[in-house]
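S.K.: Pasting a predicted model and its sequence here:
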Amino acid sequence: MNSLVSFYRSSIGKKVVMSLTGLFLCLFLVEHLVGNLLLFANDGGHLYEEYSQWLVSNPVIRVIEVVLFASLFGHALSALVVWIKNRRARPVKYAKYRLDENAELASRITMLGGSVIFLFLVVHLWSFFVPLRVTGTTMTAYQLVVQKFSDPWFCAFYLFALVVLGYHLKHGFQSAFQTLGLMHKKYQWLLGLTAFVFWFVLPAGFASLPVYFYFFSPPTPSAVVLGVQ
């Protein structure tokens, strides 16, 4: 146990934790997107409601949720500590700052992007998880989605956060494999393709939801009646 604590206290230990938790969160995004795509079933939300009820009643999912929240906390905490240590290690700014000689944009704004994503998670949980699982609501999960994605400001923030998430994943996914020593020239093309799926395809898939519900799918009558006025 002491050896694990000592390892985590080191910079490489925190980066390993960030890598492992980050990859686990990426896998969760895949599952989350697959479930959300059921919203396109054009059945008034019936299939999505069945999926939502299965998530709530499945004890395995409850355990995974605990691991998920622990991973989110561990990922954010490790990133914050590493960022603070890096700032303290270089208290004096560079005399000259040349944009083209520095790291990629996704790398330079990792902490800022992480802060935006954290704010997005808070808004997302408050908008969907809290009313459905904590405080209770008269609306179904599908009706809640329709209501939220009928708000232009909510949609705009949602899409902006997904763009930031894409940049964050582009840098983080490849950095995770490099930290774990899994980068190899022979398989670099495969890692690049997989990274593209995570930093572009996944955010684009999530972005299709607010676009669809705001522009192409009129609110259901039940959602209008039960929605907050």
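M.R.: Here it is on my side, so go on. Everything quoted here is computed from the prediction, not taken from an experiment.
S.K.: what does stretch 23-34 contact?
M.R.: With contacts defined as Cβ atoms under 8 Å, 6 or more residues apart in numbering, stretch 23-34 is touched by 67-68, 71-72, 75, 169, 173, 176, 198, 202, 205-206. Every residue, glycine included, has its C-beta placed from N, CA and C.
S.K.: So which bits of that stretch are buried?
M.R.: Under the neighbour-count criterion of 16 or more other Cβ atoms under 10 Å, stretch 23-34 has 23-26, 28-29, 33 buried.
S.K.: I'd like the list of these that fall within helices, please.
M.R.: Residues of the buried residues of stretch 23-34 located in helices (DSSP state H): 23-26, 28-29, 33.
S.K.: want to throw these into TSV with pLDDT and distance to residue 56?
M.R.: Output for these, formatted as TSV (pLDDT from 0 to 100; distance: Cβ to Cβ, whole Å):
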residue	pLDDT	distance to residue 56
23	87	26
24	89	22
25	90	21
26	88	24
28	91	17
29	92	20
33	94	19
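S.K.: which one of these sits closest to residue 52?
M.R.: Nearest to residue 52 out of those is residue 33 (Cβ to Cβ; 14.8 Å).
S.K.: Quick one: list the elements packing against the host helix or strand of residue 76.
M.R.: Following DSSP states H and E, one finds residue 76 within helix 59-89. On a contact count with 3 or more Cβ pairs under 8 Å, 6 or more residues apart in numbering; DSSP states H and E, helix 59-89 meets helix 11-36, helix 110-124.
S.K.: picking up where we left off before, turn the ones in helices among the buried residues of stretch 23-34 into CSV, columns for distance to residue 216.
M.R.: What follows is these, written out as CSV (distance: Cβ to Cβ, whole Å):
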residue, distance to residue 216
23, 34
24, 34
25, 30
26, 29
28, 27
29, 24
33, 19
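S.K.: quick one: contacts for residue 67?
M.R.: Here residue 67 is in contact with residue 24 (Cβ under 8 Å, 6+ apart).
S.K.: how close does it sit to residue 132?
M.R.: According to Cβ to Cβ, to the nearest Å, residue 67 stands 20 Å off from residue 132.
S.K.: same thing with residue 74?
M.R.: Applying Cβ to Cβ to residue 74 and residue 132 gives a distance of 25 Å.
S.K.: Residue 44 too?
M.R.: According to Cβ to Cβ, residue 44 and residue 132 sit 18 Å apart.
S.K.: The two: who's more crowded?
M.R.: The neighbour comparison of residue 44 against residue 132 (other Cβ atoms under 10 Å) goes to residue 132, with 17 against 13.
S.K.: Could you find the closest non-adjacent residue to the more buried one?
M.R.: In this structure, residue 132 finds its nearest non-sequential neighbour in residue 141, 5.8 Å apart by Cβ to Cβ, 6 or more residues apart in numbering.
S.K.: Just the buried positions in the helix holding residue 76, please.
M.R.: For helix 59-89, by 16+ other Cβ under 10 Å, it's 68, 71-72, 74-76, 78-79, 81-82.
S.K.: angle of that helix against helix 11-36?
M.R.: 140 degrees (axes from the mean of the first three to the mean of the last three Cα atoms, to 10 degrees).
S.K.: Now do the contacts for residue 200.
M.R.: With Cβ under 8 Å, 6+ apart, residue 200 has these contacts: 166, 170.
S.K.: follow-up on the earlier one: centre of the chain to the helix holding residue 76, how far?
M.R.: Centroid separation between helix 59-89 and its chain, computed with Cα atoms, centre = their mean, to the nearest Å, is 12 Å.
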